[in-house]
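In: Predicted model follows, preceded by the sequence.
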Amino acid sequence: MRPFGPLRGGAADAARSLVASARLAWAIEGNWAEPIYLAAFLIVRPLAFLGLFLAVLSIGGSLNVATIGFVVIGQAVFQIVSAALEGPTHALLDDRERYRTIRYIFATPSSLFPVSIGRSLVKASIAGFSALIVIGAGILLGVPMRAGGPDLLLVAAVLPLGLLSVVGLGIVLGGLCVQLRNDAWSYPEAVSSSVFLLCGAIFPLEVLPGPVQNIAAALPITWWIEGLRRALLGTTSPGILGTMPTNELLLILAVGTAVIWLISPRLFVAGIDRAREKGYLDRNTAS
Amino acid sequence: MGNSVVGAEATALISRIHQEATWSLGRRIRHAFASVLARAYPRVIGAAREPSWLFFDLVFPILGMCSIVFLLRSRGVDEAWIGSTILATALLSFWISVVWMMGAQFHWERDSGNLLLYITAPVGLGAIALGMAIGGALGVVIRAVIITAAGVLLFGAKYQVADPFLLALVILAGVAAMYSLGVCLSSIFLISGREADHLGSLLNEPMQLLGGVYAPVRSMGTAGVVALGILPLAPAIDALRQVAVPQLAATGILPVGVELLILLVMTIVFGVIGRVLLAHIERVGRAGGKLLARAD
């Protein structure tokens, strides 16, 4: 147990830090407008995103709702991926440059690691609300869902694993981005956009060039989205994604998540320690 | 009170102050022109000095473009739509610049402390906004060209431009209307608090959808028709598609000439509204002492 640094204290300390940071994150993310405007924002943007893809799908003919479940679920789940990937970095940079509080957080007995996770989880939860809206819109449009309702067991297995893997990757990004002088805000978005392209969120992996397909198949996020598609739609996706048996998919997801969590705390701690030594926690890049 | 100025000396001083403070129309125009140039300069030259900005300005649109192209290819859609997507992405880079580098700029300047310098300098916010628009548009041209070239190289898109002059006119009118709207947006962002970032987000995907950026404006139904009248993206992309990708000319909702006229009217109307809004907010903000208060 380290007495000082971004990961210190016992489990109870970490839990307290996580809860406090989650409450803070909710205050930051949830009170910038009246609840009615907040709800409108959380509804309008994801629906517009979905509408954009559906408009593209309707090119050359009318929209076939029987075939858009793939895009609806992929786009809905990616809302969460994007928020969890970008969340830790934006929280760290917000605290460093916008609110200028990171030095104080570091000086308190709070541990920056659970603080970052707490902030990320709240962002992911808010995005989860948008994801539900998108799925609801899909149902209203007539997307055929799984007969008898969602496979709750599969959801219960896939959802936490996927969420953990994305938060873990987001934490690593946070540890890296506090080192940067320029455009630290932009890197998580660049990673998120690249993952969107690779993970088969809106199109089957076969459309990607050959070698890129292998990278896509190695991403836990790809299998997370596919797992949730199976749980909600009750069918497998076309192509490579559909060939993987569900138990193997779960195994890949579990192994990927374990590997990420073996590495991510170490990288985060190393990154924050280095940032502290170099004085980067006090830096203001004015970007 | 030994330094008091009285009598003829005071009259001379008042006269001199009046003379220096009352500028002729010519001097005011020259000053505004110099201000516009001064604000446009860092937008073009400064941006070129920071390669990472160029990198990210290109990476995000190109990744988005790739997603749409792969989605189109997964559906086996006519390749002409891929050419259209590339052009739309290039045009969209202007829109992104309008939202974040025009609309949100004064908001950021206020939070970073620069707005104080603008307010105390003998320059109107209108001239600064115009400089931002001209410099921003010139800076984005390079990015738009690179995005189009990258799209053509990556996906082999082909264009048949029968009238390059008309194409240039459509792009120019579209960009002018967008940046004119940007002046209006900048005043709205300026009175925004923490919701400014979210407002910027709302001006992206929803406007791309309404503007028929990747799919025909026609497919948006009534909303698309309304967008044609208020959102520069809609007539700009519709006209661009008709001029540069003739295979898709049938998807156009209005003739190119009419859309050019709409863009011209938008440029003038948004420009006037923006100028009035900025002057009003500057006046009210100075009086209330809230113009320079940080949002958070």
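Out: Looks like it arrived, so ask away.
In: what about the helix or strand where residue B:61 lies and chain A, touching?
Out: Using DSSP states H and E, residue B:61 falls within helix B:51-74. Yes. Helix B:51-74 lies within reach of chain A by C-beta under 8 Å from any C-beta of the partner chain, at B:52-53, B:56, B:59-60, B:63-64, B:66-68, B:70-74. Heads up, the C-betas are built off the backbone N, CA and C, glycines and all.
In: and the gap between residue A:105 and residue A:17?
Out: Distance, residue A:105 to residue A:17, using C-beta to C-beta, to the nearest Å: 9 Å.
In: which neighbours do these two share?
Out: residue A:115 (C-beta atoms under 8 Å, 6 or more residues apart in numbering or on different chains).
In: Run a quick neighbour tally on the nearest residue to residue A:206 once chain neighbours are set aside.
Out: Distances taken as C-beta to C-beta, 6 or more residues apart in numbering or on different chains place residue A:239 nearest to residue A:206, at 4.5 Å, with adjacent residues excluded. Residue A:239 sits with 15 neighbouring residues when counted by other C-beta atoms under 10 Å in any protein chain shown.
In: Could I get the contacting residues of residue A:239?
Out: Per C-beta under 8 Å, 6+ apart, neighbours of residue A:239: A:204, A:205, A:206.
In: Out of these, give me the one that has the most neighbours.
Out: residue A:205 (23 neighbours).
In: re earlier: give the PyMOL command for selecting the buried subset of the residues of helix B:51-74 next to chain A.
Out: The PyMOL selection below is limited to those of those classed as buried (16 or more other C-beta atoms under 10 Å in any protein chain shown):
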select buried, chain B and resi 53+56+60+63+64+66+67+68+70+71+72+73+74
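In: other SSEs contacting the helix or strand of chain B with the lowest mean pLDDT?
Out: In chain B, no helix or strand scores lower on mean pLDDT, DSSP states H and E than helix B:47-48, which sits at a mean of 76. Here helix B:47-48 touches helix B:51-74, helix B:125-155, going by 3 or more C-beta pairs under 8 Å, 6 or more residues apart in numbering or on different chains; DSSP states H and E.
In: Can you lay out the ones you listed as TSV showing mean pLDDT?
Out: Converted to TSV, the helices and strands packed on helix B:47-48 look like this (pLDDT from 0 to 100):
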stretch	mean pLDDT
helix B:51-74	90
helix B:125-155	91
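In: Neighbours of residue A:10, how many?
Out: There are 10 residues near residue A:10, going by other C-beta under 10 Å.
In: what does residue B:279 give?
Out: Other residues near residue B:279 come to 14 when the count uses other C-beta under 10 Å.
In: could you check the angle helix B:125-155 makes with the strand or helix carrying it?
Out: Counting by DSSP H and E, the element that carries residue B:279 is helix B:256-288. Here helix B:256-288 runs at an angle of 140 degrees relative to helix B:125-155 (axes from the mean of the first three to the mean of the last three C-alpha atoms, to 10 degrees).
In: Could you list every helix and strand in contact with helix B:256-288?
Out: Secondary elements touching helix B:256-288 (3+ C-beta pairs under 8 Å, 6+ apart): helix B:125-155, helix B:164-190, helix B:222-230, helix B:233-244.
In: Recalculate using a threshold of 10 Å.
Out: Contact here means 3 or more C-beta pairs under 10 Å, 6 or more residues apart in numbering or on different chains; DSSP states H and E; on that basis helix B:256-288 packs against helix B:105-112, helix B:114-120, helix B:125-155, helix B:164-190, helix B:222-230, helix B:233-244.
In: Any part of the first one near chain A?
Out: Yes. Remark: helix B:105-112 sits within contact range of chain A at B:108, B:111, B:112, by C-beta under 10 Å from any C-beta of the partner chain.
In: Quick check on the residues you listed: which are buried?
Out: For those, buried by 16+ other C-beta under 10 Å: B:108, B:111.
In: mind giving me a markdown table with the residues of helix B:105-112 next to chain A and columns for pLDDT?
Out: Putting those into a markdown table (pLDDT from 0 to 100) gives the following:
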| residue | pLDDT |
| --- | --- |
| B:108 | 83 |
| B:111 | 78 |
| B:112 | 77 |
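In: just curious, which of the residues of helix B:105-112 next to chain A is nearest to chain A?
Out: For the residues of helix B:105-112 next to chain A, the closest approach to chain A (C-beta to the nearest C-beta) belongs to residue B:112, at 5.9 Å.
In: My read is that that closest one contacts residue B:118, right?
Out: No. Between residue B:112 and residue B:118 there is no contact under C-beta atoms under 10 Å: 11.5 Å.
In: Can you pull the poorly scored residue ranges out of the stretch 151-287 of chain A?
Out: For the stretch 151-287 of chain A, the stretches flagged by pLDDT under 70 are A:286-287.
In: Around chain B, which positions in it sit nearby?
Out: A:180-183, A:185-187, A:189-190, A:192-198, A:200-209, A:238-239, A:284, A:286-287.
In: If any of the residues you listed are buried, put those into a ChimeraX selection.
Out: Per 16+ other C-beta under 10 Å, the buried members of these correspond to this ChimeraX selection:
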select /A:180,183,185,186,187,189,190,192,193,195,196,197,198,200,201,202,203,204,205,207,208,287
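In: Could you identify the helix or strand that succeeds the helix or strand hosting residue A:16?
Out: According to DSSP H and E, residue A:16 maps onto helix A:11-30. Once the chain leaves helix A:11-30, the next helix or strand it forms, by DSSP H and E, is helix A:35-57.
In: what about residue A:269, which SS state?
Out: Classification of residue A:269 using DSSP: H, G, I helix; E, B strand; the rest coil returns helix.
In: thought it was touching residue A:112?
Out: Yes. Using C-beta under 10 Å, residue A:269 is in contact with residue A:112, at 8.8 Å.
In: more neighbours, these two?
Out: Just comparing residue A:269 and residue A:112: by other C-beta under 10 Å the higher neighbour count belongs to residue A:112, 30 against 20.
In: residues contacting that one?
Out: Residue A:112 makes contacts with A:5-8, A:17, A:21, A:88, A:91-92, A:95, A:102, A:105-106, A:174-175, A:178, A:268-269, A:272, A:275-276, A:281, as judged by C-beta atoms under 10 Å, 6 or more residues apart in numbering or on different chains.
In: still on that earlier bit, okay, angle between the helix holding residue B:61 and helix A:35-57 too, please.
Out: Going by the same axes, to 10 degrees, helix B:51-74 makes 60 degrees with helix A:35-57.
In: Can you name every helix or strand that helix B:51-74 contacts?
Out: Under the contact definition 3+ C-beta pairs under 10 Å, 6+ apart, helix B:51-74 sits against helix A:35-57, helix A:69-93, helix A:186-198, helix B:47-48, helix B:80-97, helix B:125-155.
In: near chain A, which residues of the stretch 101-250 of chain B?
Out: So far as C-beta under 10 Å from any C-beta goes, the stretch 101-250 of chain B lies against chain A at B:108, B:111-114, B:154, B:193-199, B:201-202, B:204-210, B:212-217, B:219-220, B:223-224, B:248.
In: 6 Å instead, please
Out: B:112, B:194, B:195, B:198, B:201, B:205, B:206, B:208, B:209, B:214, B:215, B:219 (C-beta under 6 Å from any C-beta of the partner chain).
In: burial measure for the last one, as a count.
Out: Meaning residue B:219. Using other C-beta under 10 Å, residue B:219 has 18 other residues around it.
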